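Chemist: sharing a sequence plus its predicted fold:
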Amino acid sequence: MKIKVFGPGCARCTETEKLVKEVVAAKGGNITVEKVTDMKEMMLHGIMSTPAVAVDGVIKSKGKIPTKEEIAAWISDMDAPASNACSCNNQVSGELTMNIISTQQPLIFGDTGACCASAAPSCPWPPQSQSDTKKSFQTKEVAIDFLYLDLNTCERCIATGVTLDEALKLLTPAFQSMNYTVHVNKVNITTKELAEQYHFISSPTIRVNGLDICNEVKESDCKDCGDLCGDSVDCRVFVYEGKEYEQPPAAMIVDGILKAIYGQNPCKAEPYMLPRNLDRYFAGKNSVSAPASTVPTSGCCSGPSCC
């Protein structure tokens, strides 16, 4: 018999693993216990609330710490003739599969010019408080903000937008199976005022429920954005599993979204100051786009009719 305990490593998950091992030790027999912390594996099992426990591929509990009595009963039930009904009301057969159901509300993939411009309850900066984040989780809503400088010229922003769409397609079955509503707001940061409103520090940025999926800000020269403003500008470099990417891998975005949902990306509210890099970008872009000034001339061509 194999028991899997799913969880990112929080205190509740650790306690659940401890209880399972104590019950297994008391019962004896050929039972192995495995701790699963990989977010992608949880997603593939349709688990979006932890801790969760599966016995021989059957999900027995999600989102709570089970009692020793419950754990012992699950083990006893699995020793009995096989049944395809699990205790969390998901029907399974053989290997654990994802149960896809229709959402009560459609997934919303919006493209808005500013936060809260759509019906979606987006996440303006500063990030939600802990109580707000908990409320959002309880109501099963996820707000994803994609903040960028340009989607016409900047290859990094364009590629990141494409990869974000790919990651959302991968996650959609899991979101649907758990009846989540996803709101995606794509925000073009065109002015210093918008940058300050969103506490924008680097382009492009992806935030989930107000949390940046990147734990650090690393940048390199971006020729595309430099051409837009006529100056040297740096854009974000994404660091994932020890490697650097100008275009984030879909797996990185998937991990970032799941970690934000599971609360693994702690958010620190810090005083904001517009980075010099962005200040230079907006100043240069305004200069480039400003109309040429009209120089008064003297002579016959100064009037409405020119000879």
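Modeler: That came through fine.
Chemist: alpha carbons only for contacts and neighbour counts from here, please
Modeler: OK.
Chemist: so which residues of the stretch 151-300 of the chain form helices?
Modeler: Per DSSP state H, counting those that start in this stretch, the stretch 151-300 of the chain has helices spanning 155-177, 192-197, 223-229, 250-262, 276-289. These are given in chain order.
Chemist: possible to save those as a markdown table with distance to residue 4, mean neighbour count and mean pLDDT?
Modeler: Listed next are the helices of the stretch 151-300 of the chain as a markdown table, based on distance: least, CA to CA, whole Å; neighbours: other CA atoms under 10 Å; pLDDT from 0 to 100:
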| stretch | distance to residue 4 | mean neighbour count | mean pLDDT |
| --- | --- | --- | --- |
| helix 155-177 | 19 | 19 | 89 |
| helix 192-197 | 44 | 16 | 94 |
| helix 223-229 | 48 | 19 | 94 |
| helix 250-262 | 18 | 20 | 81 |
| helix 276-289 | 47 | 16 | 90 |
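Chemist: for residue 36, find the nearest of these.
Modeler: With CA to CA as the criterion, residue 36 lies closest to helix 250-262 of the helices of the stretch 151-300 of the chain, at 13.8 Å.
Chemist: can you put the helices of the stretch 151-300 of the chain in CSV and add distance to residue 148?
Modeler: Output for the helices of the stretch 151-300 of the chain, formatted as CSV (distance: least, CA to CA, whole Å):
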stretch, distance to residue 148
helix 155-177, 6
helix 192-197, 10
helix 223-229, 11
helix 250-262, 15
helix 276-289, 12
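Chemist: closest to residue 52 out of these?
Modeler: For the helices of the stretch 151-300 of the chain, the distance to residue 52 is smallest for helix 250-262, at 12.5 Å, taking CA to CA.
Chemist: what is the closest one packed up against?
Modeler: Other elements packing on helix 250-262 under the criterion 3 or more CA pairs under 8 Å, 6 or more residues apart in numbering; DSSP states H and E are helix 39-44, helix 155-177, strand 205-208.
Chemist: can you list the ones you listed in CSV and add distance to residue 146?
Modeler: Formatted as CSV, the entries for the helices and strands packed on helix 250-262 read as follows, by distance: least, CA to CA, whole Å:
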stretch, distance to residue 146
helix 39-44, 21
helix 155-177, 8
strand 205-208, 5
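Chemist: who wins for proximity to residue 55 among the ones you listed?
Modeler: Among the helices and strands packed on helix 250-262, helix 39-44 sits nearest to residue 55 (CA to CA), with 14.6 Å.
Chemist: I'd like the distance between residue 49 and residue 274.
Modeler: 37 Å (CA to CA, to the nearest Å).
Chemist: the closest residue to residue 272 other than its chain neighbours - how many residues pack around it?
Modeler: With CA to CA, 6 or more residues apart in numbering as the criterion, residue 272 has its nearest non-adjacent residue at 6.1 Å, and that residue is residue 199. Applying the criterion other CA atoms under 10 Å, we find 19 residues in the vicinity of residue 199.
Chemist: would you agree residue 199 is in contact with residue 275?
Modeler: No: applying CA atoms under 8 Å, one finds residue 199 not in contact with residue 275, separated by 9.8 Å.
Chemist: against residue 78, how distant is residue 36?
Modeler: In this structure, residue 36 lies at 20 Å from residue 78, with CA to CA as the measure.
Chemist: go on, residue 223?
Modeler: Between residue 223 and residue 78 the computed distance is 61 Å (CA to CA).
Chemist: any stretches of this structure with poor pLDDT?
Modeler: Across the chain, the ranges flagged by pLDDT under 70 are 48, 79-139, 263-269, 290-307.
Chemist: the domain parsing of it - what is it?
Modeler: Using automatic domain parsing, the domain ranges for the chain come out as 2-79, 108-289.
Chemist: chain center to the longest one: distance?
Modeler: Using CA atoms, centre = their mean, to the nearest Å, the mean C-alpha position of domain 108-289 is found 9 Å from that of the whole chain.
Chemist: next, count neighbours for residue 10.
Modeler: Under the criterion other CA under 10 Å, the count of neighbours that residue 10 has is 13.
Chemist: list the contacts for it?
Modeler: Counting by CA atoms under 8 Å, 6 or more residues apart in numbering, residue 10 touches no other residue.
Chemist: distance of it from residue 140?
Modeler: Residue 10 is 20 Å from residue 140, by CA to CA.
Chemist: likewise residue 29?
Modeler: As for residue 29, its distance to residue 140 is 40 Å (criterion: CA to CA).
Chemist: good, we can wrap up now.
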